[in-house]
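Attaching a predicted model along with its sequence, questions to come.
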Amino acid sequence: MNLESVRKELLDRAKKADNPREVLRSKKLKELYKVLPTLTAAERPEYGQKLNALKKELEELIKVLEAEKLNETVTLIDITAPWAPNTPVNERPALLTMDHGSRHPLMTELERVVRIYNLMGFAAIESRQLDDDFHMFETLNFPPNHPARDSYDSFKTQEGFVPPAHTSTMQYRILQNGKKELEAGGQIAVVSYGRVFRNEDLDAVHEHTFYQCEGVFVSSDATLGQMIAVLREFFEAYYEQKLRIKTQPAYFPFVEPGLEFLIEKPASLGGKGWLEMLGCGMIHPNVLKMAGIDPNKYRGFAWGGGIERLVMLKYGINDIRYFESGKLRFLKEFK
Ligand code: PHE
């Protein structure tokens, strides 16, 4: 059998076949292999090399042919193209608009919030989006099975991790981290910000996912009066005007006394009535103790509240669900 003539025939066949790969299993090719044992030891190496070269050549050709076939049958979709995938070529826009995305308004505002606290002397750290029972409840003076746990109900993984329901999960870490500074005569002044998660019935003012900013301050003589001054300062800086404020009693296991902090909605923002902005209070002695800080020597205050609420009042946004919705019409208003 003439190897050269069979080679041409096989390459030709592959080019014409619907499934070029079949040529590798063809009788013709097998017959070429059957010749091998009939050759003398002197003839065999040369023939063998030629045969291997032919097989390689065939395989490479098949790969090219298969790629070509794929291109014929599959229309490649460019998911980044600014038209629907099946828009015919002649209906695609001739000129493309430069419509870039933009920063999410929440991130812009969060940065503003943190900047104000920075200027007041607070360091800032981001909170975690996955935490554990220890930081979510235990270190915050929630005894096991305490009913107050219910208001911070979310999920739990099999390993016992929880998506945190408030940024207070960072309190223990902030306290522990600042202990040395405190003992050296300094103070702890840190805000923590980040995403939190709740089991909520959703409506215009309740969302399952939102952002909070939390403050922790500890010194040898911190007072509730200082806390209220810090909060007033913050809100007046954020809304760039004088505000009327008030507090009312509230319960959180990790503060004593616990308060809610309210501001009167400024008339300049079309507001009327009072708006509860955050929860706050003097850090509970048990929380300090747990973090290794002596409550007889040091006092602290903490506060925490939602970012969306702040931003909604500032810009007259009437539905909290816009923030996580990805609605472009909403987002474009903040470009
Ligand atoms: N973590 C509380 C909440 O989200 C708010 C809070 C923070 C209250 C710090 C007191 C002190 O409901």
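Arrived safely.

Tell me which residue of the stretch 101-250 of the chain lies closest to the ligand.
With C-beta to the nearest ligand atom as the measure, the residue in the stretch 101-250 of the chain that lies nearest the ligand is residue 166; the distance is 3.5 Å. C-betas here are computed from N, CA, C, even on glycine.

gap between that residue and residue 331?
Per C-beta to C-beta, to the nearest Å, residue 166 is found 26 Å from residue 331.

neighbour count winner among these two?
A count of neighbours by other C-beta atoms under 10 Å puts residue 166 above the other of residue 166 and residue 331, at 24 against 17.

The more buried one reaches residue 194, doesn't it?
No. Residue 166 sits out of contact with residue 194 when judged by C-beta atoms under 8 Å, with a separation of 9.9 Å.

which residues are in contact with both of those two?
Common neighbours of residue 166 and residue 194, counting by C-beta atoms under 8 Å, 6 or more residues apart in numbering, are residue 212.

Tell me how far the residue of the stretch 101-250 of the chain closest to the ligand lies from residue 107.
For residue 166, the distance to residue 107 (C-beta to C-beta) stands at 20 Å.

now swap in residue 117 and tell me
Distance, residue 117 to residue 107, using C-beta to C-beta: 16 Å.

ok, the two, which is more surrounded?
With neighbours defined as other C-beta under 10 Å, residue 117 and residue 107 compare such that residue 117 has more, 21 against 11.

I'd like the distance between that one and residue 258.
Taking C-beta to C-beta as the measure, residue 117 and residue 258 are separated by 21 Å.

Tell me which stretches of the stretch 1-150 of the chain form strands.
Per DSSP state E, counting those that start in this stretch, the stretch 1-150 of the chain carries strands over the ranges 123-126, 131-132.

Tell me which of the ones you listed lies nearest to residue 218.
Of all these, it is strand 123-126 that lies closest to residue 218, at 12.9 Å by C-beta to C-beta.

Helix, strand or coil: sort out the closest residue to the ligand within the stretch 151-300 of the chain for me.
Closest approach of the stretch 151-300 of the chain to the ligand (C-beta to the nearest ligand atom) occurs at residue 279, with a separation of 3.0 Å. Reducing the assignment to helix, strand or coil with DSSP: H, G, I helix; E, B strand; the rest coil, the entry for residue 279 is strand.
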